[in-house]
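>>> Here is a sequence together with a model predicted from it:
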Amino acid sequence: MALSWQFASRTFEAIGRIVVVIVLMHLLTPRDFGIAGAALVVLSFTITITQIGVGPALVQRAELTDRHISSGFIFSIAMGIVGGVIVYLCAGLVARFFHMPELVRIVEVMSLSFPLTAPAMVADGLLSRRMAFKTLSAIDAVSFAVGYGAVGIGLAWAGAGVWALVIAQMGQFAVRSVLTLIAQPHTVSRRLDFQALKDLLGYGTGHCLAELGNFAALQGDNVVVGRWMGAAALGVYTRAYTFLAQPARLIGMVIDRVLFPAMANIQDELVRVRRAFHRGLVGIALLTIPVSIIVVVLSPEIVLVVLGKKWIDMIAPFQILAASLLFRTSYKICDSVARATGAAYRRAWRQWLYAFLVFMGAWIGHYTGLKGVAYGVSAAITANFLLMLHLSIVQSRDTWLEIGILYLRIAVGAIPTAVVVWGAAAFLRREGLNPSVVLLVSGGLGGVCWLGSLALLGGMVGDEIVWARQQFMKVVGRRS
C-alpha cells in the first residue's frame, strides 16, 4: 500500500517537475542553467557535510528518545549556520575556480539556504521514521510547485535570467522547511546531550561519508564540464542529466523511502530483507527499461519536439546517459539494503570509489566533448551499480545466481520492445514524417509492446515480476 501510494503521488510530482523544467528551458538559456548548476554544486556539497546524517540516523536507530531528537535539532541548527558562513566566505574562490564572475553574488545569496533547511532536518527524519509517506509526498509537491515552479517561471517570464533559478531554489527550501516543521513538531531543548548526539553521529558519520562520496559522484562530472568546458556546455549537460534524473529520482526515491525504514525494522530477518530486495530490483527494472529503450531510440525527436532546436546539442549525451538508466536507478535499492543493515562504512568507500570513477570518466571524456563525458559517466554508473549490488548480496546473504536469473527473465520481455521501437522509428524517419509523429507512434507502440510482454510472460518469469505487475495495476486502477 505504501509503495503504491508513493509511486502514484511521485509520478504526478515528476510530471509536474518535468513540465516546469521544460517551461524554464524555453524561457532561459543554456548558460543560465550552467551558472545556476555551478552554484548548486557548492551548495549541495556543503549541505551534505552540515547534515552529517542526523536525519537518517533518527530513522535507523532502534531506540529513540527525546534526548536524541533535541540534540539532533540543536546540532543541525549549529551546523547550518556554520555551513552558511563558510559558503558565503568562499564565494570568490568558487567564481574563480569555475571562471564565472557572476557566481560571486549568486553563491553569497544562496548561502542563506543553510539557515532555511537546517531547522527541518530532524522533523524530516521523524516523518520518514513513522513512514508518513503521504505527508512527505504532499510537502515535496507543494514546496516544488509553489516555491520553485511558480516563483521560477514568474521570474523567468519577467526576464530575471539566472536569478529566476537561484531565487526559485531558495523558495523551495523555505516552503519545504516550514511545511515539514508544521507537519512534524517535536521536542526542543536548550541543552545539548553529548551522549545522545554521539549515539546519532556513530551511524550518521558513516552515512555522511557515504553521502559525500555519492555527492562527489553526482557532481564530479558537473565540476569537470563547468570548469573545463564552460557555462553553456554545463547547462546543456545538466539538462540532459536532469531529464533522466526525474524517472530515476521518482523510482529510486519511492522505493528508498518505503523500503529503507521497512528493512531497517526487519534488518535481522534476512529472508524478508531478501524478498524486499528482489521485489525492489524487479519493480525498478520493469519501470526503467521501457523508458530507457524509448529515450535511447527517440532522443532526437524528444529534444526537437519538446525543447526546440536551441537544445539540439543535448541529444547525444541524452541518448548515452539513457542507456545506463537501469543501473543509475537500481543502485538505490542496493543502497537501501546497505543502510538498513548498518553497512555505513562499507557503503562509504564504495561511494568514494564511484566518485573517483565519475570524475576520471568525465575528465578523460571531455577531450571529445559532451558525448565523451556521457560515455565516461555511464561507465562509472555501471561500475557503481555492480559495487553496491555486491554489498547488498553480502549483507542480505543473497547470491549472484538468483539476481542474475531475475534480470535474465526481465530481458526476455525487453527484447521485443526494443525491436518494435527501433523498427517503427527507422521506418517513420525513412518516410520523412514529422518528428512529433515519429515520437508518438514509436513510443506508443513500444509502451503497448512492453505491457503485452508483461501480460504474456507474467506467469512464467517469477513471483517478483508478478508482484510488481500487480502493484503497478493497483496504482493505475486507483489513480484512474
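On my side now, so go ahead.
>>> tell me the pLDDT at the residue of the chain positioned farthest from its centre?
Here the chain reaches farthest from its C-alpha mean at Glu431, the gap being 38.2 Å by CA atoms, centre = their mean. pLDDT, Glu431: 90.
>>> can you give me phi and psi for it?
phi -80, psi 0 (degrees, to the nearest 10).
>>> and Ile106, how far is that from Gln169?
Ile106 sits 10 Å away from Gln169, going by CB to CB, to the nearest Å. (C-beta placed from N, C-alpha, C; glycine too.)
>>> host element of Ile364?
helix 344-365 (DSSP states H and E).
>>> Report the buried residues of that helix.
344, 346-348, 350-355, 357-359, 361-363, 365 (16 or more other CB atoms under 10 Å).
>>> Quick one: list the elements packing against that helix.
helix 194-229, helix 325-340, helix 370-396 (3 or more CB pairs under 8 Å, 6 or more residues apart in numbering; DSSP states H and E).
>>> Can you flag the weakest of those helices by average pLDDT?
Across those, helix 194-229 gives the lowest mean pLDDT, at a mean of 73.
>>> residue contacts, Val437?
Shown in contact with Val437 (CB atoms under 8 Å, 6 or more residues apart in numbering): Leu428.
>>> Give me the contact list for stretch 88-106.
Identification of contacts with stretch 88-106 by CB under 8 Å, 6+ apart yields 35-36, 38-39, 42, 107-108, 111, 162-163, 166, 226-227, 230-231.
>>> Could you check how far the helix or strand harbouring Phe427 is from the centre of its chain?
Secondary structure from DSSP H and E places Phe427 in helix 400-430. Averaging C-alpha positions (CA atoms, centre = their mean, to the nearest Å) puts helix 400-430 24 Å from its chain's average.
>>> re earlier: among the contacts of stretch 88-106, which one lies nearest to Leu370?
Gly230 (11.1 Å; CB to CB).
>>> rewinding a little: where does confidence bottom out across the contacts of stretch 88-106?
Lowest confidence among the contacts of stretch 88-106: Val42, with 80.
>>> Need the per-residue pLDDT for the residue nearest to it when sequence neighbours are not counted.
Spatially, and ignoring its direct neighbours in sequence, Val42 is nearest to Val94 (5.2 Å; CB to CB, 6 or more residues apart in numbering). For Val94, the pLDDT comes out at 89.
>>> Neighbours of Val94, how many?
20 (other CB atoms under 10 Å).
>>> Name the next helix or strand downstream of the helix or strand where it lies, please.
Assigned by DSSP H and E, Val94 belongs to helix 91-98. Using DSSP H and E, the helix or strand that follows helix 91-98 in sequence is helix 103-110.
>>> what does the helix or strand just after that next one contact?
Using DSSP H and E, the helix or strand that follows helix 103-110 in sequence is helix 113-117. Here helix 113-117 makes contact (CB under 8 Å, 6+ apart) with 43, 46-47, 50, 80-81, 83-84, 87, 169-170, 173-174, 176-177.
>>> Now do the same for helix 113-117: mean pLDDT, whole number.
Here the average pLDDT along helix 113-117 is 84.
>>> and if you look at stretch 450-458?
Per-residue scores along stretch 450-458 average to 73.
>>> count of neighbours near Leu89?
Each residue near Leu89 was counted by other CB under 10 Å, and the total is 12.
>>> Backbone dihedrals for it, please?
Residue torsions, per degrees, to the nearest 10, at Leu89 are phi -70, psi -20.
>>> Please shift the residue numbers so they start at 244 in all later answers.
Noted, 244 is the first residue going forward, which turns the last one into Leu332.
>>> now it: how far from Gly326?
11 Å.
>>> go on, Asp464?
Applying CB to CB to Asp464 and Gly326 gives a distance of 24 Å.
>>> neighbour count winner among these two?
Asp464 (28 against 24).
>>> Quick check: the gap between that one and Ile563.
Asp464 is 12 Å from Ile563, by CB to CB.
>>> ok, Ala338 - how many residues close by?
20.
>>> Quick check: chain neighbours aside, which residue is closest to it?
Leu346 (3.9 Å).
>>> what do you get for Val620?
Per CB to CB, 6+ apart, closest to Val620 is Asp464, 4.9 Å.
>>> cool, and Gly656?
Ser696 (3.5 Å).
>>> packing partners for the host helix or strand of Val540?
Here Val540, judged by DSSP H and E, is contained in helix 513-545. Helix 513-545 sits against helix 474-508, helix 558-565, helix 568-583, helix 613-639, helix 643-673, helix 678-700, helix 706-722, with contacts defined as 3+ CB pairs under 8 Å, 6+ apart.
>>> what would these look like in TSV with distance to Ala460?
TSV is the format used below for the helices and strands packed on helix 513-545 (distance: least, CB to CB, whole Å):
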stretch	distance to Ala460
helix 474-508	12
helix 558-565	14
helix 568-583	10
helix 613-639	7
helix 643-673	22
helix 678-700	30
helix 706-722	28
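>>> Looking at the ones you listed, which is nearest to Arg517?
Arg517 sits nearest to helix 613-639 of all the helices and strands packed on helix 513-545, at 4.8 Å, using CB to CB.
>>> in that closest one, what's buried?
Buried, per 16+ other CB under 10 Å, within helix 613-639: 613, 615-628, 630-632, 634-636, 638-639.
>>> Give the residues shared as contacts by Ile349 and Gln412.
Contacts common to Ile349 and Gln412, judged by CB under 8 Å, 6+ apart, are Ala279.
>>> In terms of neighbours, single out the busier of these two.
Ranked by neighbour count (other CB under 10 Å), Ile349 and Gln412 place Ile349 first, with 24 against 20.
>>> Mind giving me the packing neighbours of the helix or strand harbouring Ala407?
Per DSSP H and E: Ala407 is located in helix 405-426. Helix 405-426 is packed against helix 245-270, helix 273-294, helix 346-353, helix 356-360, helix 364-372, helix 376-385, helix 394-400, with contacts defined by 3+ CB pairs under 8 Å, 6+ apart.
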